[in-house]
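# return atomic coordinates for the entry below.
(chains A, B and C)
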Amino acid sequence: MNAILEVKALGKTFPVRNLFGRTKGGVSAVDNVSFSLGAQGTLGIVGESGCGKSTLARLLMRLIEPDAGEVNYRNRNILELSGRPLKEVRRQIQMVFQNPYSSLDPHMSVLDNVAFSLWANGVSKGEARKAAYEYLDAVGLSRTHADRMPGSLSGGQRQRVAIARALILKPEIVIADEAVSALDKSVQAQVLNLFQDLKKEFALSLLFISHDLHVVEYMSDEVMVMYLGRVVEKGPTERIFSRPAHPYTQALLASAPSLDVEQAGGAPALAGELPSPLHPPSGCRFRTRCPLATERCAQTVPALTDVGPGHQAACLLLEESRTA
Amino acid sequence: MASFVLKRLALMIPTLLGVSVIVFLMLKIVPGDPVNAIVPPDASESERAAVRAQLGLDKPLVVQYGIWLGRVVQGDLGDSITRRLPVTEMLLPALKNTVILTAAAAVTAFLAALVVGVFSAYYPNSRLAALFNGLSLASIGLPNFWTALILIGIFSVTLGWLPSSGMNTVGSSGAGDLIKHLVLPTAATALSSVGVMTRMVRSTVSGILKQDFIFALQAKGVRRGTILRHVLRNGMPTILNVTGLQFGALLASSVLVETVFSWPGIGQVIYQAIGQRDFPVVQAGVLVVAIAFVLLNLIVDAVHAAMDPRVRQA
Amino acid sequence: MAINAPTTSDAARLAAARREPSRAAQVWRAFARRKVAMAALGVLLLIVLACLLAPWIAPYGPTDGAVTDRLKEVGSPGHPLGTDEQGRDILSRILYGGRLSLLSGVLPVVLAGLIGGGLGVAAGYFGGWTNTIIMRALDIVFSFPAILLAIGISAALGPGIGNIIISATVVFIPPIARIAESATKEVRKEEFIEAAKTSGAGAGLIVRSHVLRNIFGKLFVFATSQIGVCLMVASGLSFLGLGVSPPTPEWGFMLNNLKQLIFVNPIVTIVPGLFIFLTSLSLNLVSDALSDALEIKR
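Residues are numbered from 1 along each chain as shown, chains lettered A, B, ... in the order given. Sure thing, here's the model as predicted:
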């Protein structure tokens, strides 16, 4: 698989300041995250809220600057770019945001919301608007929709606009950050299918972020599971969903609502609460809720080890069973 | 409590410095070369330069500010151009008179707002309450210097009941005379704030009346007068706080009212100095009032904190 | 290429929706429902129009008059509002003077809106040191009591309506800047600003296209609420003699001239102040109703 995007050891800690501005600690939002996205593939990133998925998306877009690591787009580290080359690379990676109600400017027409991306890149207003009509058409919105204000559109329609806006710059990679989470189930299905169609039509590579396992399973070729800022498991979708290796993934799958009666029982459900990101547990961050945790888990940070073809998980018990 | 006051005092210092910077800058924007006021028009360049150096005008702005500030802190506010007196001598007695007027206006406004506000809260649907509501809304647009003129027109000219200027009549002294002279200026100053305060009192008291403990008291058969006492005790911190905040506004607006009544306060001094182009006096007057304003706010804050412990935690 | 082509029933629904009234029409309707505000608006328009048309509708010139005609009563033949201490017709002077008074009430707010708005947006959008420096400097000015600041600046610059406008502008810059700054900070957090950044737009373009539109409503409402206050501040300064010089008419200044004569003809002396009051009151009522009407759909 030729990777179009390779991320290595990406990290970000948000400093927490006290009253006088002195730093008294930090929230480790993303820690040592590495993955690759294949050309025209879809990587699903899944985890509970607070696991760092959205921060990760913003780090990739450089809306927030990472503290550590590399983001290699077509073998160039975009973290080292600035000015004109950065602007050109930015066009190639676009994002669809989660909240359809705040991701469009309410005081601009739907058309202009989409056309703005082109204006920002030197295209004339007339040309940009023409292109915007075409892209809105591609996502299923007619000219009448285009000339109206976002306030009169439904959530699903607004997400379509957001998608059109992301596509108009003809990116290679689209990051969908919880793009369907705010929509009704019935509308979700429509928008997901739209994503699939557009992916084929525009030859996109997709980074699909969600907390909803079913959505991730449906959309992705590969899946990456995150917990409290770290990668705990990643691999091909069928393997992750049929043979999850990490205790967290297993618990996640067990607790997901399912119509499959036979799936009741099996792996234990998730106990306890998410630890505070200000003081994450030492060693393996999942150990406070892991039914299999040992003393070693508090002392050593587990590294990703192979558990199958293209399938890796970060758990000391898996390391031990391999070396055993 | 003491730490609260100290903290507030510490915060006050940058504000006072800021005030002083602005007043200093006012002096600097006066058009024209101040040297011209001292040297004759045919003076040579070297003479002018000498005077400039003597006045300290050749030094950088920040240094000039420092020198000026040093003098101010020691109580030297310069000399009046027209009266050739130290400005401080002119201002201190005037300050006392302004304080008298402002305090009287504050008390009056407070009492009036209390009565009208409580009434409006108890009988919100009465015609009288609607009238008061309309009046208080209108009073926000009332220029206080105009109100002063109207009051004079009615009470001094037409009815002849009250004097229209000064602090006392020549030849008489004593509290009665002072009060007669105080009535109209107080009313004029108070009217500008009473609208805002009435609305605040009304909304505070309305809020309290809706609370459960009032129902409990009524159910117990407690007399209305006693209930009123409870209500007032509950609402007093907020009401006093609003009054306190208005002190500053009252102080500032008394400047205009004084000029109408020739009340010998700082406002009057500033006004006369403006007319005589005596700028050091104007500047000093503005500085004194501004400082009084800041100090007043501090006192209000401290009193509020003393009464309401929750404020101290903030 | 289209995924979901609109059907005929879609088209019908869309056509019906196109007749949905524009936002301006909605706001106007909400405003018009309040009778008091409409009356105030009427009074305001009447006063403004009358003053603007002064050269055509005033019965006399602003400086015409003979001392022998001084201090005629209100309602005298030929002088519905009486004459002043130099025999000039008060109604005509009110009309001519109103232009300067209204100007000194509106122009400072407009200027402060531009300057204060610009400062506030810059402080709100860029944050960090820019914000600290701008807002601290403005706080210092803000902590100075308004009328005093205006008096101080006016007295320093010297008399003249231009200087009144300058000092009033300075007084109103901090409050307007504060509103602009907080509104900008709120808008900056929105996702569409993030989206705009990802498309590579520079700060200038984002501010021009997105930020300004989204803060304009709040700014406009606040600014209009300040016009009444500004009118009172400006006329107050004029009343103290810091504004126009004789014989130019202006409401505050006329009040100053006439006040010595209150014992001779009290009603005439009060007339200019009545206009200040009416204009200020109407402005307050209109601006209150406007801000309520704009709340309706947000």
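
# doesn't A:G25 lie inside a strand?
Yes: using DSSP: H, G, I helix; E, B strand; the rest coil, the assignment for A:G25 is a strand.

# that one and A:H279, how far apart?
Distance of A:G25 to A:H279, given as Cβ to Cβ, to the nearest Å: 8 Å. In short, each C-beta sits where N, CA and C put it, glycine included.

# the more surrounded of the two?
The residue with more neighbours, out of A:G25 and A:H279, is A:G25; 13 against 10, by other Cβ atoms under 10 Å in any protein chain shown.

# could you measure from the closest residue to the more buried one other than its chain neighbours over to A:V27?
Distances taken as Cβ to Cβ, 6 or more residues apart in numbering or on different chains place A:V16 nearest to A:G25, at 4.9 Å, with adjacent residues excluded. Look at A:V16 and A:V27: by Cβ to Cβ, they are 6 Å apart.

# returning to that earlier point: and the residue nearest to A:G25, backbone torsions?
phi -110, psi 120 (degrees, to the nearest 10).

# got the contact list for it?
Residues in contact with A:V16 (Cβ atoms under 8 Å, 6 or more residues apart in numbering or on different chains) are A:23-27, A:278.

# again, but for C:L231
C:101-102, C:104-105, C:276, C:279-280, C:283.

# low-scoring stretches of the chain, by residue?
Using chain A. Chain A contains residues with pLDDT under 70 at A:1, A:19-22, A:257-271, A:322-324.

# sorry, I should have been clearer: chain C.
C:1-23, C:295-298.

# biggest helix in it by residues?
helix C:90-126 (DSSP state H).

# hmm, it in reach of chain B?
No: against chain B, helix C:90-126 shows no contacts by Cβ under 8 Å from any Cβ of the partner chain, the least distance being 11.3 Å.

# grab the nearest non-local neighbour of the closest residue to chain A within the stretch 101-250 of chain B.
The nearest approach of the stretch 101-250 of chain B to chain A comes at B:N241, 25.0 Å away (Cβ to the nearest Cβ). Among residues not flanking B:N241 along the chain, B:H304 sits closest, at 4.7 Å (Cβ to Cβ, 6+ apart).

# now stretch A:232-252, how far from the chain's geometric center?
A distance of 17 Å separates the centroid of the chain from that of stretch A:232-252, by Cα atoms, centre = their mean, to the nearest Å.

# output that stretch as PDB, nothing but the C-alphas.
This file holds the C-alpha atoms of stretch A:232-252, laid out as PDB (Å, rounded to 0.1, in the frame of the first residue of the first chain):
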ATOM      1  CA  VAL A 232      -4.100   1.300  21.500                       C
ATOM      2  CA  GLU A 233      -4.900  -0.800  18.400                       C
ATOM      3  CA  LYS A 234      -4.900  -0.500  14.700                       C
ATOM      4  CA  GLY A 235      -5.400  -2.700  11.700                       C
ATOM      5  CA  PRO A 236      -7.800  -3.800   8.900                       C
ATOM      6  CA  THR A 237     -11.400  -3.300   9.800                       C
ATOM      7  CA  GLU A 238     -12.600  -7.000   9.600                       C
ATOM      8  CA  ARG A 239      -9.800  -8.100  11.900                       C
ATOM      9  CA  ILE A 240     -10.400  -5.300  14.500                       C
ATOM     10  CA  PHE A 241     -14.100  -6.000  14.600                       C
ATOM     11  CA  SER A 242     -13.900  -9.800  14.500                       C
ATOM     12  CA  ARG A 243     -10.700 -10.400  16.500                       C
ATOM     13  CA  PRO A 244     -10.000  -7.300  18.700                       C
ATOM     14  CA  ALA A 245      -6.700  -7.800  20.500                       C
ATOM     15  CA  HIS A 246      -6.600  -5.000  23.000                       C
ATOM     16  CA  PRO A 247      -8.800  -5.200  26.100                       C
ATOM     17  CA  TYR A 248     -10.100  -1.700  25.500                       C
ATOM     18  CA  THR A 249     -11.200  -2.500  22.000                       C
ATOM     19  CA  GLN A 250     -12.900  -5.700  23.200                       C
ATOM     20  CA  ALA A 251     -14.800  -3.800  25.900                       C
ATOM     21  CA  LEU A 252     -15.700  -1.100  23.400                       C
END
